[in-house]
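# Quick one: sequence plus predicted model below, questions after.
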Amino acid sequence: MSGIMGLVLAQARRDRIVLPVWIMGIALLGFAVAGAVATEFADEADRAAIINVAAVSPAFLFVRGLPDGTSIGAVVFFQGYAFTAVLAGLMSTFLVIRHTRTDEELGRAELIGSVPIPRAASLTATLMLGAAANLVLALCVAAGFAAAGLPGPGAVTTGAAVGAVGAFFVAVSAAIAQVMPSGRAANGAAAGLVGAAYFLRGIGDAFGTPSADLTQVTSGWVSLLSPIGWGQRSRPFSTADPAPLLVLTAAAAALAVTVLVVRSGRDLGASLLPERAGRERAGAGGGSFLGLAWRQQRPTLIGWCLFAALLGGIAGGLGPVVSDVIGGNESLRGLILRLVPGSRAEIIDVFTTALLGIAGVLAAAAGIQAVLRLRAEEAEGRAELLLATPRSRARWLGANLVLAAASVAVVAVVAGTGATIGLSLSGVVNGPPGLLVAAALAHVPAAAVFVAATAVLFAAVPRVSIPLAWGMLAGGLVVGQFGELLRLPAWLQDVSPFRHSAAMPVEPFDPAAALTMSAIALAGAGIAAYLLRRRDLTA
């Protein structure tokens with residue numbers, strides 16, 4: 001047992017910066033949302049109005065979650081729980097894969113396994129560290145809510161709900177680490193499951209049943225397939241029920257025990273899903289940087305496209321439902337349309353615009369991941385071998401940036417196409433053909449800015465480029481989702497490139513903003529090439 005505790009302390013030391021940033025960032029976000037709601041919706045009538053709108057709007061329910069009363073705490077939980085639960089899941093995912101499959105892939109686990117400790121000792125230590133991290137997260141979230149003036153019991157239950165979701169994904173990520181053959185594949189699969197949990201929760205909530213007074217919604221059965229949906233059912237600020245959290249905790253414990261058994265019988269470096277050997281000779285294009293980048297990125301791009309197609313299909317399929325529910329209620333229609341001042345857009349346009357905006361974030365994430373593949377190649381020594389050939393670093397970077405830009409565009413097109421097909425299957429004709437594809441592509445210049453900024457980070461500060469790049473995207477998403485609610489200064493909100501994307505079809509396309517962001521992205525790519533040429537390769 002002392003050996004396992006030593007491993008826990010060693011892993012905690014490796015994460016002494018990353019984990020506190022995750023935990024405090026999530027807790028501070030909860031505190032900020034609680035304070036903003038208390039200020040922005042101090043009046044009971046204002047809170048009732050927004051909850052009444054949300055209760056009959058599948059768009060609100062899909063993006064935010066379940067309304068559960070009109071108290072300040074209930075509105076805070078409605079506004080922020082789903083997002084903080086996703087962050088908790090991602091924190092847990094990256095923590096577990098980093099200390100399990102990635103360590104095996106890089107050879108660190110072999111060194112640890114050379115000492116007389118049980119085969120599953122390292123995994124046990126990781127599970128213990130993940131559980132401890134989520135316990136601390138739960139306490140910090142509860143403390144943040146309490147400090148914002150919310151009732152203590154509700155704050156504690158909210159913290160427990162966020163921590164329980166994170167603990168569940170600790171066990172899920174440990175299972176994924178046994179299945180996938182590489183750390184990169186395991187990270188992608190586990191993070192994809194976090195996204196799937198959000199989508200399943202959103203679908204179940206969108207088809208939920210509102211109460212007669214439109215202050216509460218009972219989610220559909222689909223949300224039971226999501227751990228985020230289970231945590232949401234704790235209803236901390238109305239009829240607090242810890243039973244769903246106990247179910248999540250028990251499921252996490254059972255899965256963790258199963259994973260430990262699997263690890264005890266698995267050889268170091270092996271995986272339940274073996275890695276296929278490549279072909280003896282490269283195919284067409286395999287001799288170029290671009291062809292190599294395509295072969296490396298192809299499975300990841302397919303995964304992003306599947307998520308984009310799902311999101312676009314949801315936007316198109318639920319759009320008519322939103323329009324039918326709200327269109328006949330003039331007061332609710334007025335409240336919804338106030339979200340886009342000065343617009344005469346239809347309700348269905350507002351809904352599809354919101355979800356295609358999220359698709360733009362997915363496109364940016366696909367591009368960022370494509371660029372960060374360069375860092376993995378460099379850190380694991382393959383870039384040094386690759387650049388020993390008579391090829392320049394600028395061509396290496398440029399090929400991957402071209403693929404990243406193409407990934408952004410493809411994901412956007414898939415999302416827009418999915419929305420178009422969803423509307424067509426619903427029997428709705430909304431605008432000229434290709435309108436929703438164009439609406440999704442309107443977010444490409446903003447996503448390209450994130451891609452170029454990631455390239456600059458890789459060239460300038462390679463060792464911290466991965467957390468900085470994802471933190472940059474998370475910051476842009478937080479500003480976009482909560483900027484108005486938190487009353488952030490206009491200049492700070494304008495820092496996010498997505499702030500300047502044309503919200504088509506609600507708004508007309510803004511060519512000046514698109515050209516400006518495209519120019520910024522091209523300039524960033526040039527700066528990255530210059531910086532990369534001047535620095536040494538790093539481990």
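Cool, got the structure. Numbering: from 1, shown residues only.
# quick one: the strands in the stretch 201-350 of the chain?
209-210, 217-218 (DSSP state E, counting those that start in this stretch).
# Which neighbouring elements make contact with the last one?
Other elements packing on strand 217-218 under the criterion 3 or more C-beta pairs under 8 Å, 6 or more residues apart in numbering; DSSP states H and E are strand 209-210. C-beta: built from backbone N, CA, C; applies to glycine.
# what is the mean pLDDT for the strand it packs on?
The predicted model assigns strand 209-210 a mean pLDDT of 82.
# Same question for stretch 442-450.
91.
# Now do that stretch: everything it contacts.
With C-beta atoms under 8 Å, 6 or more residues apart in numbering as the test, stretch 442-450 has contacts from 356-357, 359-361, 363-364, 367-368, 405, 408-409, 412, 472-473, 476, 497-498, 500-504, 509, 513-515, 517-518, 520-521, 524.
# Check stretch 179-195 too.
Contacting residues not belonging to stretch 179-195 are listed as 86, 89-90, 93-94, 96-98, 100-102, 104-106, 169, 172-173, 176-177, 271-275, 299-300, 303, 307, 369, 373, 376 [C-beta under 8 Å, 6+ apart].
# which among the residues you listed end up buried?
The neighbour-count criterion (16 or more other C-beta atoms under 10 Å) marks 86, 89-90, 93-94, 96-98, 100-102, 104-105, 169, 172-173, 176-177, 271, 300, 303, 307, 369, 373, 376 among the contacts of stretch 179-195 as buried.
# Please state the backbone phi and psi of residue 219?
Main-chain torsions, residue 219, degrees, to the nearest 10: phi -70, psi 160.
# For residue 373, see how far away residue 525 is.
Using C-beta to C-beta, to the nearest Å, we find residue 525 at a distance of 16 Å from residue 373.
# rewinding a little: mark which of the contacts of stretch 179-195 are part of helices, please.
Counting by DSSP state H, the contacts of stretch 179-195 place 86, 89-90, 93-94, 96-98, 101-102, 104-106, 169, 172-173, 176-177, 299-300, 303, 307, 369, 373, 376 in helices.
# Can you list the low-confidence ranges for the stretch 151-300 of the chain?
Along the stretch 151-300 of the chain, the parts satisfying pLDDT under 70 run over 275-287.
# ok, the residue lying closest to residue 100 once chain neighbours are set aside - contacts?
Once flanking residues are discounted, residue 100 sits nearest to residue 177: 4.1 Å by C-beta to C-beta, 6 or more residues apart in numbering. Taking C-beta under 8 Å, 6+ apart as the contact definition, residue 177 lies against 96-97, 100-101, 123, 186, 190.
# re the thing from before, packed most tightly, which of the strands of the stretch 201-350 of the chain would that be?
Greatest average neighbour count among those goes to strand 217-218 (a mean of 18), per mean count of other C-beta atoms under 10 Å.
# Excluding its own residues, what touches it? List them.
Applying C-beta under 8 Å, 6+ apart, the contact partners of strand 217-218 are 54-55, 61, 66-68, 205, 208-211.
# next one: stretch 110-118
By C-beta under 8 Å, 6+ apart, stretch 110-118 touches 3-4, 7, 103-104, 119, 121-122, 124, 264, 268-269.
# One more pass at 7 Å, please.
Contacts to stretch 110-118, defined as C-beta atoms under 7 Å, 6 or more residues apart in numbering, come from residues 3, 122, 268.
# Who wins on neighbours among these?
Comparing the contacts of stretch 110-118 by number of neighbours (other C-beta atoms under 10 Å), residue 122 comes first, having 26 neighbours.
# Surely it and residue 102 touch.
No - Residue 122 is not in contact with residue 102 according to C-beta atoms under 7 Å; the separation is 11.7 Å.
# what's residue 68 sitting at in phi/psi?
Torsion angles at residue 68 (phi, psi; degrees, to the nearest 10) stand at phi -150, psi 50.
# Among the contacts of stretch 110-118, which one lies nearest to residue 13?
Distance to residue 13 across the contacts of stretch 110-118 (C-beta to C-beta) is lowest for residue 122, with 14.5 Å.
# what's the distance between the helix or strand encompassing that closest one and the middle of its chain?
Assigning secondary structure by DSSP states H and E places residue 122 in helix 121-147. Helix 121-147 sits 20 Å away from the centroid of its parent chain (C-alpha atoms, centre = their mean, to the nearest Å).
# Output the contacting helices and strands for it.
Secondary-structure packing of helix 121-147 (3 or more C-beta pairs under 7 Å, 6 or more residues apart in numbering; DSSP states H and E): helix 2-14, helix 18-40, helix 72-99, helix 152-179, helix 243-264.
# at 8 Å what do you get?
The helices and strands touching helix 121-147, judged by 3+ C-beta pairs under 8 Å, 6+ apart, are helix 2-14, helix 18-40, helix 72-99, helix 108-113, helix 152-179, helix 243-264.
# what comes up buried for that helix?
Counting neighbours by 16+ other C-beta under 10 Å, helix 121-147 gives 121-131, 133-134, 136-146 as buried.
# now do stretch 461-473
462, 465-466, 469-470, 472-473.
# what angle separates the helix or strand hosting residue 189 from helix 152-179?
Here residue 189, judged by DSSP H and E, is contained in helix 183-206. Helix 183-206 and helix 152-179 are oriented at 140 degrees to each other (axes from the mean of the first three to the mean of the last three C-alpha atoms, to 10 degrees).
# Give me the buried positions along helix 183-206.
Quick answer for helix 183-206 (16+ other C-beta under 10 Å): 183-195, 197-206.
# Surely residue 537 is in contact with residue 386?
No - contact between residue 537 and residue 386 fails when scored by C-beta atoms under 8 Å: they sit 10.3 Å apart.
# residues in contact with residue 398?
Listed by C-beta under 8 Å, 6+ apart, the contact partners of residue 398 are 289, 525, 529.
# do you know how far it is from residue 471?
Remark: distance between residue 398 and residue 471 (C-beta to C-beta) = 25 Å.
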